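> Just to be clear, the model below is a prediction. Sequence and coordinates:
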Amino acid sequence: MLTLKGFTKKCQYYIKFCLCPIICSFLIFSKIHTYYLIKYLIEIESILFILIKGYLTFSNKIKLSINQFQIKKSSLISSKCSSILIFQITLISRQFQIQNSKQKLNPYILIYIFFNSGYFLILQKNSYSIQILSKFLLQKFITKQQQKQFLTNKHNNFYTNQYTFIHSTKQMKKQLLLLAFVLFASYANAQCATNAQGNVGSCMCNQGYYGINAENGGTCNQCPSGTTTASPSLSAGGNTNASADLSVCNQCQVNYYMTAAAAAASNGNAASAAQCSSCPTGTGNNGVQSQGDVSQCNICQANYYQTAAAVAASNGAAAAAVTCQSCPSGSTSAAGAAQQASDCQSNQTTSSKTLLASLSILMLAIFA
């Protein structure tokens, strides 16, 4: 739970001046003065929030809204400035989703913020391939006003955690609230352990990893080479729960075959992952989930065509993987698509280059 407070600054300046200049100029001890109160209303024009080493600081650029007029022979008596509370909220995290993929990183993000049906929503998209949707309940909000707001982050250096925000609203009562929520949501990336995904309180290790706790501070361990897990799950036998161990690494990765199944810990024996071996050159599969032999390598990889099918061991005969040959020069094939040499498709780019080279040689021979 987090409580945020926002303040604005209000200054009062007292000046004195002669109410009747003519009388004041002739009457030495009868100068009549009056005190006039001028209120300087200060609004925040832009705010820079900086998050460095766990500390949150901000600086303001202000603009003045003043009733200006000129009074001769006036003087400043006193001034007083005070901070006025404009909002106070208590945040309660209601929903959180994070999705992580393995795309190329880029240091720019885009943030949308708006009110909707009593909830304050933040949608952050960045090209680090992380999408965050945080939903918060406004438990206490002094202004009692819900209004759609938009905020775009134009300058963000992800590596130093410095954020500069450009806002589209001129309402002071919303600016601090919006920026505080954005920074609060930026911590969402760290709610799950490394190599984990999911909602806060229900984080799961990614496929190919296992652990007893995938929340922030927990650990997700990578499966041995060639092995992987089923899809992420918190259920019994899944890759993320109090009893998760090596035995949940019970599947082979693509282009591996299984020689021994995974085994749970029992009778003093430690848990073990599946034993997976790489398929012979040019052969492969789409991944296997049960123990077998090299005959599980039953398709040809890309740019290979099949000459003989895989054979499982039987009646003393040894198992054999599918037999594959490289496609003819200048041709290609997709994995598992070529059953014979004619299935390898001609590489148009290579053919064009060959034709161009032949024409060049011919032209040189003609004009030589």
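Structure's in. What do you need? In this text, all values refer to a predicted model and were calculated from it rather than measured experimentally.

> Domain-wise, how is this protein divided?
Domains of the chain are assigned by automatic domain parsing as 2-87, 89-190, 200-206+214-278, 293-368.

> Lowest mean pLDDT across those domains, which one is that?
Ranked by mean pLDDT, the domains of the chain bottom out at domain 89-190, with a mean of 37.

> which residues touch the helix or strand hosting Cys324?
Here Cys324, judged by DSSP states H and E, is contained in strand 323-326. Outside of strand 323-326, the residues within contact range by C-beta atoms under 8 Å, 6 or more residues apart in numbering are Gly282, Thr283, Cys300, Gln301, Asn303, Tyr304, Tyr305, Gln306, Thr307, Ala308, Ala341. Backbone N, C-alpha and C define where each C-beta goes, glycine included.

> What of stretch 306-313?
Defining contact as C-beta under 8 Å, 6+ apart, one finds that stretch 306-313 is touched by 283, 292-300, 317, 319-325, 338-340.

> Type out the ChimeraX command that picks the buried ones from those residues.
In ChimeraX syntax, the buried subset of these is picked out as below (16 or more other C-beta atoms under 10 Å):
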select :283,292,293,294,295,296,297,298,299,300,319,320,321,322,323,324,325,338
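
> Just the ones of the contacts of stretch 306-313 in strands?
Counted as lying in strands by DSSP state E, out of the contacts of stretch 306-313, are Thr283, Ile299, Cys300, Thr323, Cys324, Gln325.

> from those, which two are the most distant?
Greatest spacing in those, by C-beta to C-beta: Ile299 and Gln325 (13.7 Å).

> And the helices in the stretch 251-368 of the chain, which stretches?
Per DSSP state H, counting those that start in this stretch, the stretch 251-368 of the chain carries helices over the ranges 348-367.

> Report the beta-bridge partner residues of Ala308.
Bridge pairing for Ala308 (DSSP bridges) gives the partners Thr323.

> That one: neighbour count?
Neighbour count of Ala308, defined by other C-beta atoms under 10 Å: 11.

> ditto for Asn269
Counted with other C-beta under 10 Å, Asn269 comes out at 9.

> these two touch, right, it and Ser247?
No - using C-beta atoms under 8 Å, Asn269 is not in contact with Ser247; the gap is 10.9 Å.

> any residues in contact with both of these two?
The contact sets of Asn269 and Ser247 overlap at Ala263 (C-beta under 8 Å, 6+ apart).

> Ramachandran angles for Val248?
phi -80, psi -10 (degrees, to the nearest 10).

> With Asn298 instead?
The phi and psi values for Asn298, taken as degrees, to the nearest 10, are phi -110, psi 10.

> same check, this time on Ala196
With angles defined as degrees, to the nearest 10, Ala196 sits at phi -130, psi 170.

> Same check on Glu215?
phi -70, psi 170.

> shouldn't it be in contact with Gln197?
No - counting by C-beta under 8 Å, Glu215 stays clear of Gln197, with 11.7 Å between them.

> okay, the two: which has more neighbours?
Gln197 (21 against 17).

> May I have the predicted confidence score for that one?
Confidence score, pLDDT, at Gln197: 88.

> Now do the SS call for it.
Recorded secondary structure, Gln197: strand (DSSP: H, G, I helix; E, B strand; the rest coil).

> Does it have any beta-bridge partners, and if so which?
Met204.

> From Ser233, how far off is it?
12 Å (C-beta to C-beta, to the nearest Å).

> Overlap of the contact sets of those two?
Counting by C-beta under 8 Å, 6+ apart, the contacts common to Gln197 and Ser233 are Met204.

> Identify the residues contacting Ala302.
Counting by C-beta under 8 Å, 6+ apart, Ala302 has contacts Thr332, Ser333, Ala334, Ala335.

> swap the cut-off to 10 Å and go again
Contacts for Ala302 (C-beta atoms under 10 Å, 6 or more residues apart in numbering) come out as Gly282, Gly284, Cys327, Thr332, Ser333, Ala334, Ala335, Gly336, Ala337, Ala338.

> Same check on Val294?
Val294 is in contact with 257, 259, 277, 279-280, 283, 310-313, 318-322, counting by C-beta under 10 Å, 6+ apart.

> for Gln301, same thing?
Contacts of Gln301 were listed using C-beta under 10 Å, 6+ apart, and they are 255, 279, 281-285, 322, 324, 333-336, 338.

> ok, and the closest non-adjacent residue to it?
Nearest residue to Gln301, sequence neighbours excluded (C-beta to C-beta, 6 or more residues apart in numbering): Gly284, at 4.8 Å.

> I am finished for the moment; much appreciated.
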